[in-house]
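# sequence and predicted structure are below.
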Amino acid sequence: MYRKLFVLFSMVIIVALLVLYHEPLLHWVQNNERDYVIVTTVIATLMSLFPVIPYPLVGGVVGAVYGPILGAFIIWMGSTFASMIFFAMIRYGGFDKFGNKILLRYTITKKITVLFERNAFMSITVLRMIPVIPSILINAYAALSRVPFLSYSIASGLGKIPAMTLFALVGHTIVTNPIEIVYMILIYGVFISIVYTAYRYWTKRINLQMESQTRKKQPSEI
């Protein structure tokens, strides 16, 4: 109980501070250039942990200040650290047992959870590459399931690379050559479409394999 209260209290405090000070923090990042990389990474982590403003905006600001390479690395580190922290808060804050019972209570959620846990690394990596899926949902679902922390962290970090790189490139390109943004978005859209199609095909095959295994077990159980 105390762990849950501590985690909830910490979340409320962080969200309240971000709501009040997100604009000054972004302004500070814009005006301190390359002097405080570590501090900027901490700010990016907090803003990714609880996105009171869209994280692509944060990535764009950092990319405009630090350039496409260092900027992408900073926002990637911030986003990855944030996902690890949120995962740890849910998993080790005392919410995992209750959440796991809910996931396994209903047939549809149980099936999805079993599929997710069996292919956790690939699932998390691909889901991270699809920007329309809220990061906080992936964090929470993985934490409530039985996915190992290390596998989650590595897969999550790998899956974030394309999106974080895009955010930094967009921010840098706005300053240098805005017309290139259109080409970047088109290329990224094609990339996401390919990843999503491949993922749907892969999960369909896994489902068919699971159904086949279930049918094979039924006669022996009778």
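Nice, I can see it.
# quick check: end-to-end length of stretch 137-156?
In stretch 137-156, first residue to last residue: 13 Å (CA to CA, to the nearest Å).
# how far away from the center of its chain is it?
Relative to its chain's centre, stretch 137-156 lies at 10 Å (CA atoms, centre = their mean, to the nearest Å).
# check stretch 60-77 too.
Offset of stretch 60-77 from its chain centre (CA atoms, centre = their mean): 17 Å.
# and for stretch 36-50?
Its chain's C-alpha centre and that of stretch 36-50 lie 15 Å apart, by CA atoms, centre = their mean.
# run a quick check on Thr40 versus Tyr66, I expect a contact.
Yes: counting by CB atoms under 8 Å, Thr40 does reach Tyr66; the two are 7.5 Å apart. Where you see a C-beta, it was placed from the backbone N, CA and C, and this is true even at glycine.
# between these two, what contacts are shared?
Ile74 (CB atoms under 8 Å, 6 or more residues apart in numbering).
# the two: which is more packed in?
Higher neighbour count among Thr40 and Tyr66: Thr40, with 27 against 22, using other CB atoms under 10 Å.
# I'd like the next helix or strand past the helix or strand in which that one is found.
Taking DSSP states H and E as the criterion, Thr40 maps to helix 37-49. Following helix 37-49 in sequence order, the next helix or strand is helix 55-66 (DSSP H and E).
# list the contacts of that next one.
Outside helix 55-66, the residues that reach it (CB under 8 Å, 6+ apart) are 26, 29-30, 32-34, 37, 40, 44, 47-48, 71-72, 74-75, 78-79, 135, 164, 167-172, 174-175.
# any idea how far Met84 is from the residue nearest the centre of the chain?
For the chain, the residue nearest the mean C-alpha position is Ser135 (3.7 Å; CA atoms, centre = their mean). Going from Ser135 to Met84 by CB to CB, to the nearest Å gives 12 Å.
# ditto for Leu8
When distance is defined by CB to CB, Leu8 is 19 Å away from Met84.
# what does Met129 give?
For Met129 relative to Met84 (CB to CB), the value is 18 Å.
# how about the helices in the protein?
Per DSSP state H, the chain carries helices over the ranges 2-31, 37-49, 55-66, 68-91, 96-105, 107-118, 120-128, 135-144, 149-176, 180-221.
# deepest of the ones you listed, which one?
Comparing these by mean neighbour count (mean count of other CB atoms under 10 Å), helix 55-66 ranks first with a mean of 23.
# what's the angle between that one and helix 149-176?
Orientation check (axes from the mean of the first three to the mean of the last three CA atoms, to 10 degrees): helix 55-66 against helix 149-176 gives 60 degrees.
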